[in-house]
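**Q** Provided below for reference: sequence and predicted model.
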Amino acid sequence: MSTALMKPVLYSYFRSSCSWRVRIALALKGIAYDQEPVNLLKDGGQQFSTEFQAVNPMQQVPALKIDGIILSQSLAIIQYLEETRPNPRLLPQDLKKRAQARMISDHIVSGIQPLQNLTFLKQVGGEKKLEWAQHYITCGFKALERILQHTAGRYCIGDEVSMADLCLVPQVYNAERFKVDLAPYPTITRINKALLELEAFQVSHPCRQPDTPAELRA
Ligand SMILES: O=C(O)/C=C\C(=O)CC(=O)CC(=O)O
């Protein structure tokens, strides 16, 4: 079969926020795919297995097998999908707005999420974990709230869903997981709520994945 006809395979973990970003992009663009769950906790972390290292030497999810290649890093994947399957658009046409969508995405993807992920918190260890996660999410959200006050309409950039929104919702999910008080961030909270009404954000939600444990399903 030609690689263009093969269904993409997403290596994913139900509550990995980085995996969720890509699942939203696939859903919005209407791309059918198969999921290959990688449990980040089981067996000391299946991402470290020899089999998975052959898929992604970075030992992280998500990874997407598509069009005969394997890509990792959520923003690289999303931007590849954008360039090869442009409808609906996830980067605004206006170049200033496009830069703002990338700015917000980078802020979350590089400036917040890595400082509260499993690998980082394992290093911090013990009772400090929650405090550290809350600290970095709070610092990041303070800045994000101010930025969004200038860029947002219904969503992060005006009224069109963009790559920034794909980063925002999973990060708010993590904030809730780490019990961050969201009251000081009314814009973030409002946009998150509006996005969660969209089907693509619902079908891709951590509570509804093939590897979601029964007690976390909704
Ligand atoms: O506790 C677990 O279930 C293990 C891992 C995760 O959720 C994924 C993360 O590292 C957090 C994240 O995506 O930011």
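**A** Yep, that arrived. Numbers count the residues shown, from 1 in each chain.
**Q** near the ligand, which residues of the chain?
**A** 15, 16, 17, 18, 40, 41, 113, 117, 118, 174 (C-beta under 6 Å from any ligand atom). C-beta: built from backbone N, CA, C; applies to glycine.
**Q** helix or strand for the fourth one, which one?
**A** Following DSSP states H and E, one finds residue 18 within helix 17-28.
**Q** buried stuff in the helix or strand following that helix?
**A** Downstream of helix 17-28, the next assigned helix or strand under DSSP H and E is strand 34-37. Neighbour-count burial for strand 34-37 flags 35, 36, 37 (criterion: 16 or more other C-beta atoms under 10 Å).
**Q** show residues contacting the lengthiest helix in the chain.
**A** Ordering each helix of the chain by length in residues (DSSP state H) puts helix 128-151 first. For helix 128-151, contacts defined as C-beta atoms under 8 Å, 6 or more residues apart in numbering pick out 97, 100, 103-104, 107-108, 111-112, 115-116, 120-121, 124, 156-158, 171, 174-175, 178-180, 182, 184-188, 191.
**Q** in space, what's closest to residue 40 - neighbours in sequence excluded?
**A** residue 13 (5.0 Å; C-beta to C-beta, 6 or more residues apart in numbering).
**Q** the one you found is in contact with residue 210, isn't it?
**A** No: between residue 13 and residue 210 there is no contact under C-beta atoms under 8 Å: 10.8 Å.
**Q** what residues does the worst-scoring helix or strand of the chain on mean pLDDT touch?
**A** When the helices and strands of the chain are scored by mean pLDDT, DSSP states H and E, helix 118-124 comes last with a mean of 92. Residues from elsewhere that reach helix 118-124, judged by C-beta under 8 Å, 6+ apart: 40, 114, 129, 132, 133.
**Q** which of the residues in it are buried?
**A** Applying 16+ other C-beta under 10 Å to helix 118-124 flags residue 121 as buried.
**Q** same question for stretch 71-79.
**A** The neighbour-count check on stretch 71-79 (16+ other C-beta under 10 Å) flags 71, 72, 73, 74, 75, 77, 78, 79 as buried.
**Q** out of the residues you listed, what pair is the most spread apart?
**A** Comparing all pairs in the buried residues of stretch 71-79 by C-beta to C-beta, the longest separation belongs to 72 and 79, at 12.8 Å.
**Q** tell me who's in contact with the most centrally placed residue in the chain.
**A** Closest to where the C-alpha atoms of the chain average out (C-alpha atoms, centre = their mean) is residue 21, at 2.8 Å. Residues near residue 21 by C-beta under 8 Å, 6+ apart: 62, 74, 75, 78, 109, 166, 167, 170.
**Q** switch to 6 Å and redo it
**A** Residues in contact with residue 21 (C-beta atoms under 6 Å, 6 or more residues apart in numbering) are 74, 166, 167, 170.
**Q** please consider this matter closed, and thank you.
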